[in-house]
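Student: sharing a model prediction with you, sequence too.
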Amino acid sequence: MTSTQKTREPLALFKSLIALLLVIFCLWGSQWQYHRGVDRHARNAVIEERIAKSPIELDTVTGDLPNYEWQTVSVAGTFDTEKQILLRNRYNDGKYGYEVLTLFKSRDNKNFWVDRGWVQAGATATTPPVVTALPQGEVSIVGRLRLDSSLPRGSFFALPGKGEGLVSELNAQSQLNTEKFYVDLLSGSDASLTPEVTAQLPELSDGPHMAYALQWIFFAGLVIYGRILIRRSR
């Protein structure tokens, strides 16, 4: 073996090691994207199944709340118009607005927040939005049951992020202690209860995760192919 060959040998081993690490990283990236795609598909399937079910009475929801998330529920009670919050930075069809949340007390004395949907912002920063007045007395409402932290923060609500869920943030602002869920209002016994724009569902597509998983495998193949070309060019 010549001195030149002796010099090249450690360099070749180093290049092979780098290539191996890159391949491992690409395969890890592919697996990560694949599992994200599988998880998203499973989540979407659960949401689609539950929103397709007929409404159930809220007082029949017992046990594990996650087993009922996105289920349509019906409940009778009264709104507390003194406990209402507007969530800022909500957009609908490119228009700026607010999400309206009002405290609701059911017949069996459960207190929880109801998302009454989106309203457009006023003409100026100092002009309050027009919020539909609530009917007096007891009403019946139908809506989707939502958990405190059902979606990644920032996707739907613009409250300051402290690692807490929506209900926790609302309670902190209002100094209240409510149930660990809220309800996206769909309709009610009074026509005024039906939101003009209901709370949005999450995007139910599977997203690009599987395509990204294949891309990472392709990148791993490119690394192997490139290492072979470098080896042959010696």
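Tutor: Received, thanks.
Student: which helices and strands does the strand ranked longest in the chain pack with?
Tutor: Ranked by number of residues, the top strand in the chain under DSSP state E is strand 72-92. When contacts are defined as 3 or more Cβ pairs under 8 Å, 6 or more residues apart in numbering; DSSP states H and E, strand 72-92 packs onto strand 56-57, strand 95-106, strand 111-120, strand 139-147, helix 166-174, strand 181-188. No exception for glycine: its C-beta is placed from N, CA and C like everyone else's.
Student: what pairs with that strand, parallel or antiparallel?
Tutor: According to DSSP bridges, strand 72-92 forms sheet pairs with strand 56-57 (parallel), strand 95-106 (antiparallel), strand 139-147 (antiparallel).
Student: give me the buried positions along the second one.
Tutor: So the one you mean is strand 95-106. For strand 95-106, a neighbour-count test (16 or more other Cβ atoms under 10 Å) marks 97-106 as buried.
Student: ok, so of those, who is nearest residue 62?
Tutor: Residue 62 lies nearest to residue 106 out of those, by Cβ to Cβ, at 14.5 Å.
Student: ok, and the closest non-adjacent residue to that closest one?
Tutor: Distance criterion Cβ to Cβ, 6 or more residues apart in numbering; nearest residue to residue 106, sequence neighbours excluded, is residue 77 at 3.9 Å.
Student: quick one on the thing from earlier: now the longest strand of the chain, how far from the centre of its chain.
Tutor: How far strand 72-92 lies from its chain's middle: 19 Å, per Cα atoms, centre = their mean, to the nearest Å.
Student: report the buried residues of that strand.
Tutor: So strand 72-92, judged by 16+ other Cβ under 10 Å, has buried residues 72-79, 83-85, 87, 90.
Student: now for the residues you listed, which pair is the farthest apart?
Tutor: Spanning the widest gap among the buried residues of strand 72-92 are 76 and 90, at 28.0 Å by Cβ to Cβ.
Student: show me what contacts residue 40?
Tutor: For residue 40, the contact set (Cβ atoms under 8 Å, 6 or more residues apart in numbering) comprises 206-207, 209.
Student: now which of these would you call buried?
Tutor: Applying 16+ other Cβ under 10 Å to the contacts of residue 40, the neighbour count classes residue 209 as buried.
Student: out of the contacts of residue 40, which comes closest to residue 182?
Tutor: Nearest to residue 182 among the contacts of residue 40, with distances taken as Cβ to Cβ, is residue 207, at 25.7 Å.
Student: test my guess that residue 224 contacts residue 23.
Tutor: Yes: using Cβ atoms under 8 Å, residue 224 is in contact with residue 23, at 6.4 Å.
Student: who has more neighbours, those two?
Tutor: Counted by other Cβ atoms under 10 Å, residue 224 and residue 23 do not tie: residue 23 has more neighbours, with 18 against 14.
Student: so residue 118 makes contact with residue 185?
Tutor: No: counting by Cβ under 8 Å, residue 118 does not reach residue 185; the two are 11.2 Å apart.
Student: find residues that contact each of the two.
Tutor: Joint contacts of residue 118 and residue 185 (Cβ under 8 Å, 6+ apart) are 195, 198-199.
Student: nearest spatial neighbour of residue 87, skipping sequence neighbours?
Tutor: For residue 87, ignoring the flanking residues on the chain, the nearest one in space by Cβ to Cβ, 6+ apart is residue 99 at 4.0 Å.
Student: list the contacts for the one you found?
Tutor: 86-87, 90, 115, 117-118, 157, 199.
Student: do the same with residue 112
Tutor: Residue 112 touches 103-104, 106, 167, 178-179, 181-183, counting by Cβ under 8 Å, 6+ apart.
Student: same thing but 6 Å
Tutor: By Cβ atoms under 6 Å, 6 or more residues apart in numbering, residue 112 lies in contact with 104, 178-179, 182.
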